[in-house]
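Asker: Got a predicted structure plus its sequence, pasted below:
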Amino acid sequence: MIFSVAIDGPAAAGKGTISKAVAAHFGFAHLDTGLLYRAVGAKVLAGASPVEAALSLDPGDLESDALRTPAVAQAASEVAVNPEVRAALTEFQRNFAVREGGAVLDGRDIGTVICPRAQAKLFVTASAECRADRRFKELQDKGMEVNAADVFADVIARDKRDTERATAPLVAAKDAHLIDTSDMTIAQAVAAAIAFVQSKLL
Ligand code: CDP
C-alpha cells in the first residue's frame with residue numbers, strides 16, 4: 001500500500017509530535033525532513049560547502065542531538081534557501097514518500113513540492129508566541145542554556161526566511177487541511193490530525 005501524508009508548517013508548530021503520532025497510529029514510516037536541512041546546516045557550521053554537504057549526507061549524520069540547537073536551526077534555514085541544496089535532497093524524500101506501507105513526511109514544502117500528490121496534506125500552525133514558548137520549554141527540558149527572547153527571535157527570523165525564499169517557500173498547499181494548535185493540547189492536535197488522515201484512507 002502506498003499512502004503519503006504531507007505535514008507542513010512554520011517553525012516549532014508541533015509538526016514533529018503530530019507526525020510521529022500519526023505514523024505510529026497508522027503504522028507508517030516517518031521522515032522529519034527538517035533533520036536533513038539541519039544536518040546540512042551543521043556541516044556548513046563545521047566548514048563544509050552547502051552543496052557538498054547536501055550531496056554527501058548519510059544516515060549517520062541525522063542522529064546527533066546537536067542538530068536540535070537554535071544555531072543549527074538558523075544554519076538549516078540559511079542553507080535551505082539554496083536551490084542546489086534542495087535539489088540534492090529531493091530524490092531521497094520523494095522515494096521515502098512512496099515506500100511500501102505508508103509514509104509521513106514533515107517539513108515546509110512536502111505538500112507543495114516534494115509530494116504534491118500526497119493522499120493527505122496537513123498544514124499545522126500556531127501563533128508565533130505559542131510556538132516560541134513551546135520551543136523555549138523544549139530546549140530548556142533538553143538542558144540547553146536558552147533565553148526566551150532569543151528563541152522568539154529565532155522562530156520569527158526562520159519563518160521570514162522560509163516564507164520569503166524563491167525556491168519552495170513555506171506556504172500551505174491549496175488542498176491542505178489546516179490545524180491551528182494555538183489553543184489545543186497535544187492530544188487534541190494529534191486527534192484532529194489522525195481523524196483527517198483516517199478520512200482520506202477510507
Ligand atoms: O523543528 P522546526 O520546525 O523548528 O524546524 P525543522 O523542521 O527542523 O526545519 C529547520 C529548517 O529547515 C527550517 O527553518 C527550514 O528552513 C528548513 N526546512 C526546509 O526548508 N524544508 C523542509 N522540508 C524542512 C525544513
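Answerer: Thanks, I have it.
Asker: contacts, neighbours, all on C-alpha from now
Answerer: Fine.
Asker: Could you give the average pLDDT over stretch 66-73?
Answerer: In this model, stretch 66-73 has an average pLDDT of 96.
Asker: Give me the distance between the two termini of that stretch.
Answerer: 10 Å (CA to CA, to the nearest Å).
Asker: ok, now stretch 24-35?
Answerer: Using CA to CA, the two ends of stretch 24-35 sit 19 Å apart.
Asker: contact partners of that stretch?
Answerer: Stretch 24-35 is contacted by residues 16, 19-20, 22-23, 62, 67, 76, 93, 96, 101-107, 194 when judged by CA atoms under 8 Å, 6 or more residues apart in numbering.
Asker: Please check those residues and keep the buried ones.
Answerer: Among the contacts of stretch 24-35, those classed as buried by neighbour count (16 or more other CA atoms under 10 Å) are 16, 19-20, 22-23, 62, 67, 76, 93, 96, 102-107, 194.
Asker: taking the residues you listed one by one, which sit in strands?
Answerer: With DSSP state E as the criterion, strands contain Ala103, Val104, Leu105, Asp106, Gly107 from among the buried ones among the contacts of stretch 24-35.
Asker: Redo those as JSON lines? Include pLDDT.
Answerer: Listed next are those as JSON lines, based on pLDDT from 0 to 100:
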{"residue": "Ala103", "pLDDT": "98"}
{"residue": "Val104", "pLDDT": "98"}
{"residue": "Leu105", "pLDDT": "98"}
{"residue": "Asp106", "pLDDT": "98"}
{"residue": "Gly107", "pLDDT": "98"}
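Asker: which among these are in contact with the ligand?
Answerer: Gly107 (CA under 6 Å from any ligand atom).
Asker: by contact count, what packs against the strand or helix carrying Ile7?
Answerer: Following DSSP states H and E, one finds Ile7 within strand 4-8. If contacts are counted by 3 or more CA pairs under 8 Å, 6 or more residues apart in numbering; DSSP states H and E, strand 4-8 sits against helix 15-26, strand 103-107, strand 120-125.
Asker: May I have the strands that pair with the second one, each with its orientation?
Answerer: For strand 103-107, the paired strands and their directions (DSSP bridges) are strand 4-8 (parallel), strand 29-32 (parallel).
Asker: Tell me which of those strands sits most buried.
Answerer: With neighbours taken as mean count of other CA atoms under 10 Å, these reach their highest mean count in strand 4-8, at a mean of 29.
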